[in-house]
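**Student:** Okay, sequence plus prediction incoming.
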Amino acid sequence: MAGRERREEHGEELYENTERSYRDGESTPTKCCEIHVDQTGFLKLMLAILAVLCITLGAFLVTLHLYRGPKVNETDEEDGDLKALVARLTTDVQLLKKENEGGKKVAFSASLVNAPGGLHVKHSDSPTLAYKRMFTNIGNAYDPIKGTFTAPVKGIYFFTFSTFGYTNNQSLGVSITVNGLRMVSSFEDKSSDLSDTGGNSIILQLEAGEQVTMTHWANSQVFDNTNGHNTFSGFLLFPL
């Protein structure tokens, strides 16, 4: 009761001082109230403010995650697709480079005679023409002794030949054959003209191991010397 009385007396004194100030013409009261906050109350207030700030910040972060999450995922997916595409293209380039560098290279070119002077070659001597003067034989697919080209790999090949005959009593007939089967030919019948020429070309799909040869027709004859009138050439266009 004593404390209450003191507070009441103190309040009356503040009120009288305020009234007196107004009466004396002061613009503002000198003192209207006093707020007493002890240390414990101050700490509680700060903790409440910090709690509100934490809740607000958490809500902001959740909103930001929900807003940016799909876009980040989409970006990650796009980056993954791009990296996969680059990896595939890199692999394809490496495979193509490997095939180009390590792939089989095949090319040959030869003429019939590898000795000075002229030589008549008849069908009766050998139905297979063996071109002995090698200009090129990359891959060693052509055998100048047997006169056979053996495909080292499955692929598309190009072959061409030229012929020359120097006689008036025999025809000039030559064919490209695959495994003994005639493909393309060049033929000139016998005539009073002593010199006859011919030639032909072909693109073939061959399996590995198939053989290509140049063969005489029956009663045919060719003539060659170191001038290289009779030639046979071929090369691999691309493997399959």
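**Tutor:** It's in.
**Student:** shouldn't Phe158 be in contact with Val212?
**Tutor:** No - judged on C-beta atoms under 8 Å, Phe158 makes no contact with Val212 at a distance of 11.0 Å. Placement of C-beta: from N, CA and C, glycine included.
**Student:** tell me, what's touching those two both at once?
**Tutor:** 204, 234 (C-beta atoms under 8 Å, 6 or more residues apart in numbering).
**Student:** Tally up the residues packed near Lys132, please.
**Tutor:** When neighbours are counted by other C-beta atoms under 10 Å, Lys132 registers 15.
**Student:** Quick check: the closest residue to it other than its chain neighbours vs Thr197, distance?
**Tutor:** Among residues not flanking Lys132 along the chain, Asn114 sits closest, at 4.1 Å (C-beta to C-beta, 6 or more residues apart in numbering). Plainly put, Asn114 is 21 Å away from Thr197 if you go by C-beta to C-beta, to the nearest Å.
**Student:** repeat for Leu89
**Tutor:** 51 Å.
**Student:** More neighbours: those two, which one.
**Tutor:** Thr197 (13 against 10).
**Student:** Mind listing the strands the helix or strand containing that one pairs with, and their directions?
**Tutor:** Assigned by DSSP states H and E, Thr197 belongs to strand 195-206. The strands beside strand 195-206 in its sheet (DSSP bridges) come out as strand 155-166 (antiparallel).
**Student:** Can you give the strand pairings for whatever helix or strand comes next after the strand it pairs with, parallel or anti for each?
**Tutor:** Using DSSP H and E, the helix or strand that follows strand 155-166 towards the C-terminus is strand 172-178. Sheet pairing of strand 172-178 (DSSP bridges) gives strand 181-188 (antiparallel), strand 211-216 (antiparallel).
**Student:** Using CSV, write down the CA coordinates of strand 172-178.
**Tutor:** The C-alpha coordinates for strand 172-178 follow below in CSV (Å, rounded to 0.1, in the frame of the first residue of the first chain):
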residue,chain,number,x,y,z
LEU,A,172,43.0,-57.9,-129.4
GLY,A,173,40.6,-58.8,-126.6
VAL,A,174,41.2,-58.3,-122.9
SER,A,175,38.7,-58.5,-119.9
ILE,A,176,38.7,-57.6,-116.2
THR,A,177,37.4,-60.7,-114.3
VAL,A,178,36.4,-61.2,-110.7
